[in-house]
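sequence isn't available, so here's the structure alone:
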């Protein structure tokens, strides 16, 4: 059966106290909307429709950044969840498969849970995702008759007996497209909030002789985020779950609570992550690497056996081959370091290619920016770059070459050559004492006057 997704993302999120739409607030470096789209993407949906509202253009741009083929529709007035889903009807014209309704501010529902819902559709017309709540609070209640779902009751409409039920509604629904929109057309707004509730489709469907059931998941999957406090709690939950998964897959962390990961971080087994490391988006670390304390990685690839840090920064485009060493207070940006290269101290390497087994000395800088354009530095294999070398790009240093300490390289260096570009040292006898005497006399005069 073909699958289509309808993801509701129209809310402003007033309690966020933000100009940014609620679904664009980030968890693990990615908007909540992306998390919802990511879990469902494994179902290979034929169509994905995102229903926008507040700051629609920003939400559309974010949705298309994840999936260029996404369809967006606009809910001009927020009149309830059934009204929101109804906006997707035209976008699903001609589609005869199942629709899953998701929420952009509920980012943790897993692919496995969605697969269970699609499997349940083989036996029932309507499938609702529910959870057993420790504290049901103001959630809608799922009212069962035997093993079938009779109706969903919003908290405001529930009796005391119905409020005692702990099986709660997540809001996620799966049904055939034709049936779903037929049921939505029958939904009214005669309720305490004056809204069109998607939950009403279950009761309407039962009145029509349709079968409904509940698939349950852990309450943590259904966590909805409506405030900054809830966003922080969601971030903590994401980090804890991601760390645990990595450790279960063979990654070593000395102090996992100090390591922060992104939604797309990939780390191979037997890699060691020391305390206080941050992985921003787009990082892959292969097996057997070591990321030392207080390092920050973003958009980087670290190959097997390499060491990064402590206090290192890998920026987007950093590519480290096997057994590369990047040491303390080193920054790498848009640069490829070949196997066995070493950049161990106090160095900036940007827009560059460093050859195999080359050693870059402390204080080296690739001067890659002329104020308007970026330029590339190329260093060959088995080369030694002396400390405090300035490489003024575009420039090439050949294989098995060398630069002398404190050299400013402005011209290409041939294979096997040594570049020396610094002024000759002069020692002026007694000059230091004379200069200090002049300076001290000047300071004393300023103090008196």
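Structure's in. What do you need? For clarity, every value in this text was computed on a predicted model and none was experimentally measured.

which parts of stretch 30-49 are buried?
30-40, 43, 45, 47-49 (16 or more other CB atoms under 10 Å). (Glycine included, C-beta is placed from N, CA and C.)

restricted to helices, list these.
32, 33, 34, 35, 36, 37, 38, 39, 40 (DSSP state H).

quick check, nearest of those residues to residue 352?
The closest of these to residue 352 turns out to be residue 34 (CB to CB; 32.0 Å).

quick one: the helices in the stretch 51-200 of the chain, in order.
For the stretch 51-200 of the chain, applying DSSP state H, counting those that start in this stretch gives helices covering 56-66, 81-86, 111-120, 160-163, 177-185, 200-207.

which one of those helices lies closest to residue 333?
helix 56-66 (22.3 Å).

mind listing residues that contact the closest one?
Helix 56-66 has contacts (CB atoms under 8 Å, 6 or more residues apart in numbering) with 9, 20-21, 23-24, 31, 33-34, 37-38, 50, 52-53, 70, 72, 74, 104.

out of those, which end up buried?
Among the contacts of helix 56-66, the ones that count as buried by 16+ other CB under 10 Å are 9, 21, 23-24, 31, 33-34, 37-38, 50, 52-53, 70, 72, 104.

from those residues, which two are the most distant?
Among these, 38 and 53 lie farthest apart (CB to CB), at 21.7 Å.

select, out of the helices of the stretch 51-200 of the chain, the one closest to residue 288.
Nearest of these to residue 288, taken as CB to CB: helix 111-120 at 29.1 Å.

low pLDDT regions in this protein?
In the prediction, the chain carries no residues with pLDDT under 70.

try 80
Applying pLDDT under 80 to the chain picks out residues 1, 192-193, 449.

and the lengthiest helix in it, what's buried?
When the chain is parsed with DSSP H, its longest helix is helix 228-248. Neighbour counts over helix 228-248 (16+ other CB under 10 Å) mark 230, 231, 234, 235, 238, 239, 242, 243, 246 as buried.

residues in contact with that helix?
16-17, 25, 27-28, 107-108, 220, 223-225, 253, 256-257, 259-261, 263, 265, 267.

and residue 239, how far is that from residue 311?
22 Å (CB to CB, to the nearest Å).

do residue 233 as well
For residue 233 relative to residue 311 (CB to CB), the value is 30 Å.

show me the contacts for residue 374.
Contacts for residue 374 were tallied using CB under 8 Å, 6+ apart; they are 350, 351, 368, 393.

mind listing which of the residues you listed are in strands?
Using DSSP state E, the subset of the contacts of residue 374 located in strands is 350, 351.

returning to that earlier point: quick one: which of the buried residues of helix 228-248 is nearest to residue 340?
residue 246 (26.9 Å).

which ones are touching residue 10?
51, 52, 53, 54, 75, 78, 84.

and residue 404, by the same measure?
386, 418, 419, 420, 421, 422 are the contacts of residue 404 under CB under 8 Å, 6+ apart.

switch the cut-off to 6 Å
By CB atoms under 6 Å, 6 or more residues apart in numbering, residue 404 lies in contact with 386, 420.

ok, residue 119 next?
Residues counted as contacts of residue 119 (CB under 6 Å, 6+ apart): none.

with residue 37 instead?
residue 66.

which among the contacts of helix 228-248 count as buried?
16, 25, 27-28, 107-108, 223-225, 253, 256, 259-261, 263, 265, 267.

need the buried residues of helix 228-248 in a markdown table with distance to residue 210, can you?
What follows is those, written out as a markdown table (distance: CB to CB, whole Å):
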| residue | distance to residue 210 |
| --- | --- |
| 230 | 35 |
| 231 | 37 |
| 234 | 35 |
| 235 | 40 |
| 238 | 37 |
| 239 | 42 |
| 242 | 39 |
| 243 | 43 |
| 246 | 44 |
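
isn't residue 213 right up against residue 123?
No: judged on CB atoms under 6 Å, residue 213 makes no contact with residue 123 at a distance of 7.2 Å.

more neighbours: which of those two?
residue 213 (19 against 9; other CB atoms under 10 Å).

tell me what that one is bridged to.
residue 127 (DSSP bridges).

do the same with residue 350
Note on residue 350: beta-bridge partners residue 333, judged by DSSP bridges.

what's around it, how many residues?
Residue 350, neighbours per other CB under 10 Å, totals 22.

settle this for me: it is touching residue 333, isn't it.
Yes: the criterion here is CB under 6 Å, and residue 350 meets it with residue 333 at 4.3 Å.

before we move on, back to that, which of the buried ones among the contacts of helix 228-248 fall in strands?
Counted as lying in strands by DSSP E, out of those, are 27, 253, 267.

of all the residues you listed, which comes closest to residue 197?
Proximity of these to residue 197 (CB to CB) peaks at residue 27, which lies at 27.3 Å.

and the closest one, bridged to which residues?
residue 30.

what about residue 342, distance to residue 258?
Going from residue 342 to residue 258 by CB to CB gives 27 Å.

if we can go back for a sec, now the common contact residues for residue 213 and residue 123.
What both residue 213 and residue 123 touch, as defined by CB under 6 Å, 6+ apart, is an empty set.

which of the contacts of residue 10 fall within strands?
Checked against DSSP E, the contacts of residue 10 include these in strands: 51, 52.

quick one: which of the contacts of residue 10 has the most company?
Result: residue 51 is most packed of those (other CB under 10 Å), 28 neighbours.

that residue is in contact with residue 86, isn't it?
No: between residue 51 and residue 86 no contact is recorded; they are 9.4 Å apart, counting by CB under 6 Å.

how is this structure divided into domains?
3-222, 228-419 (automatic domain parsing).

okay, those domains in JSON lines with distance to residue 434 next?
Supplementary listing: the domains of the chain in JSON lines, determined by distance: least, CB to CB, whole Å:
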{"stretch": "domain 3-222", "distance to residue 434": "59"}
{"stretch": "domain 228-419", "distance to residue 434": "26"}
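
for residue 445, which of the ones you listed is the nearest?
Going by CB to CB, the one of those nearest residue 445 is domain 228-419, 36.4 Å.

how distant is the closest one from the center of its chain?
20 Å (CA atoms, centre = their mean, to the nearest Å).

thanks a lot, see you next time.
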